[in-house]
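Undergrad: From the sequence below, what's the structure:
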Amino acid sequence: MNITEAQNNAAGEFVDLIANRVSSGGRAVHPETAISSTARVAGSLLLRSFNLRIESVEPGTAVLSNEANEKGPQLIGMMAAFLSNAGVQLDKSLMGGEKAQRDAEPELSTLQTLSLLQTDALSIANRNGLSLEQAAQSAALATAFIVKECARNIPAETGFNVAAFGIIEGSKTAPPPITQDAPASGKKPWYKLW
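TA: Numbering: from 1, shown residues only. Next comes the predicted model:
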């Protein structure tokens with residue numbers, strides 16, 4: 001898979017977004033939360049790329065699709081390839097499974113994560129001229145980078161498991177609606193007629 005310069009730039013912006021928005025009151029970012037947040041954004045961008053009619057689906061509801069079953073594993077494979085190329089060795093016997101996820105719970109739910117990050121994530125995609133699928137790939141690369149950076153604090157396998165689960169969650173969960181920032185005065189902007 002060829003990654004463009006724009007996707008590379010976007011991956012860096014995703015890493016910065018997580019560092020700036022997911023920290024706990026100025027403290028260091030909780031590794032599992034940082035990893036799951038970026039992965040959920042990657043999965044959610046991927047879900048939005050399918051052009052499913054999810055606007056009327058209650059946020060947090062499971063959205064099952066063949067597209068997610070096909071393209072989600074590609075994002076996970078992209079993360080594995082990045083980690084391998086970066087020299088991060090993963091013990092396959094410690095990969096996957098429900099216990100692996102329970103042992104590394106993020107501090108934010110899927111909906112909290114997406115509510116916090118999705119508007120900025122879509123801005124990153126637009127700023128870099130990326131399709132939603134390309135942006136999902138960039139976010140997956142950012143996730144792999146964060147897994148690599150967190151490997152000194154948590155086992156790489158734990159990080160990878162959290163990331164894989166986050167991509168699945170994001171690609172199969174109806175996201176919150178995208179809202180534009182309301183004006184500070186509480187008044188409707190002049191261009192809003194309703």
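
Undergrad: show me where the protein has strands.
TA: With DSSP state E as the criterion, the chain has no strands.

Undergrad: all helices of it, in order?
TA: 5-21, 31-49, 66-85, 98-102, 110-127, 132-150, 156-171 (DSSP state H).

Undergrad: looking at those, which one has the lowest mean pLDDT?
TA: Ranked by mean pLDDT, those bottom out at helix 98-102, which scores a mean of 51.

Undergrad: mind checking which of the helices of the chain is nearest residue 177?
TA: If you check each of the helices of the chain against residue 177 by Cβ to Cβ, helix 110-127 wins as the nearest, at 9.5 Å. Glycine gets a C-beta too; all of them are placed from N, C-alpha and C.

Undergrad: Contacts made by that closest one with the rest, please.
TA: Contact partners of helix 110-127, identified using Cβ atoms under 8 Å, 6 or more residues apart in numbering, comprise 10, 13-14, 17-18, 21-22, 36-37, 40-41, 44-45, 59-60, 106, 108, 131-132, 134-135, 138-139, 169-170, 173, 175-176, 178-179.

Undergrad: what is the orientation angle of that helix with helix 156-171?
TA: On the basis of axes from the mean of the first three to the mean of the last three Cα atoms, to 10 degrees, helix 110-127 is oriented at 80 degrees to helix 156-171.

Undergrad: how about the helices of the chain in TSV, adding mean neighbour count and distance to residue 55?
TA: Shown next, in TSV, are the helices of the chain (neighbours: other Cβ atoms under 10 Å; distance: least, Cβ to Cβ, whole Å):
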stretch	mean neighbour count	distance to residue 55
helix 5-21	18	24
helix 31-49	28	11
helix 66-85	17	17
helix 98-102	13	29
helix 110-127	19	14
helix 132-150	25	15
helix 156-171	26	17
